[in-house]
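Peer 1: I would like to see how this sequence folds:
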Amino acid sequence: MPRPSPRSFGDVPLQSGSTSTLGIKVRSPDKAFYFLAARGALRRYARRFPLTEEGWVAAWTAFAAEDPTGAALYRSSLDPRPAAPTGASGVAVAARGSGADMSEGWLYILGGGFGWVIADVVIYEGVRHLSAAPVVIGAVLAFLSIVVTMIGVIAEGIRLARRTS
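Peer 2: Here you go, the predicted structure:
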């Protein structure tokens, strides 16, 4: 059962499908509810559900019935490691994954960072020994490190956009 973070306020969309959005409305720490709204029409709630286990099951069941594609996207974004409890309709009702696993985008970003360090060392040694070849090789490594880092940033951005849309 997803819960709003302590700093959440206002509409907190959990998943937007092709026709509707499932989310949490937070007015204050003790006044919140799940909602279904037409996609792109936040603050015009089609239905409201209490922020309880039963409310989540009812909200999820209604969302899955209205927008099966959006429900399938949400289920695919859940962390598969813990066993997901199921609601009355037999669909998983666990919260989103913790994000503790390392994504491919972050591996590219880290690889680019290590490449940048190696490029700096090669350039430094080339300048220190007054040799052009290491400087050119280091410049090429630095350029490739930037490209790899940007690929990682783009991949991570796409992963986060898919997870939050």
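
Peer 1: what does His129 show for phi and psi?
Peer 2: Backbone torsions of His129, given as degrees, to the nearest 10, read phi -100, psi 10.

Peer 1: that one and Ile123, how far apart?
Peer 2: Applying Cβ to Cβ, to the nearest Å, the value for His129 to Ile123 is 11 Å. Every residue, glycine included, has its C-beta placed from N, CA and C.

Peer 1: what does Arg162 give?
Peer 2: 38 Å.

Peer 1: neighbour count winner among those two?
Peer 2: Between Arg162 and Ile123, counting by other Cβ atoms under 10 Å, Ile123 is the more crowded of the two (18 against 11).

Peer 1: per-residue confidence for that one?
Peer 2: You'll see Ile123 listed with a pLDDT of 92.

Peer 1: I'd say it and Val140 touch.
Peer 2: No - if you go by Cβ atoms under 8 Å, Ile123 and Val140 don't touch, sitting 10.3 Å apart.

Peer 1: got the residue ranges for the strands in this structure?
Peer 2: Using DSSP state E, the strands of the chain run over 10-16, 20-28, 31-38, 45-50.

Peer 1: ok, which of the ones you listed comes nearest Gly157?
Peer 2: Gly157 lies closest to strand 10-16 among those, at 17.5 Å (Cβ to Cβ).

Peer 1: excluding chain neighbours, give the residue nearest to Pro13 in space.
Peer 2: Gly23 (4.2 Å; Cβ to Cβ, 6 or more residues apart in numbering).

Peer 1: ok, now which ones touch the one you found?
Peer 2: Residues in contact with Gly23, defined by Cβ atoms under 8 Å, 6 or more residues apart in numbering, are 11-15, 34-35, 37, 42.

Peer 1: where is the longest helix in this structure?
Peer 2: In the chain, assigned by DSSP state H, the helix with the most residues is helix 132-164.

Peer 1: next, the angle from that helix to strand 10-16.
Peer 2: For helix 132-164 against strand 10-16, the angle by axes from the mean of the first three to the mean of the last three Cα atoms, to 10 degrees is 100 degrees.
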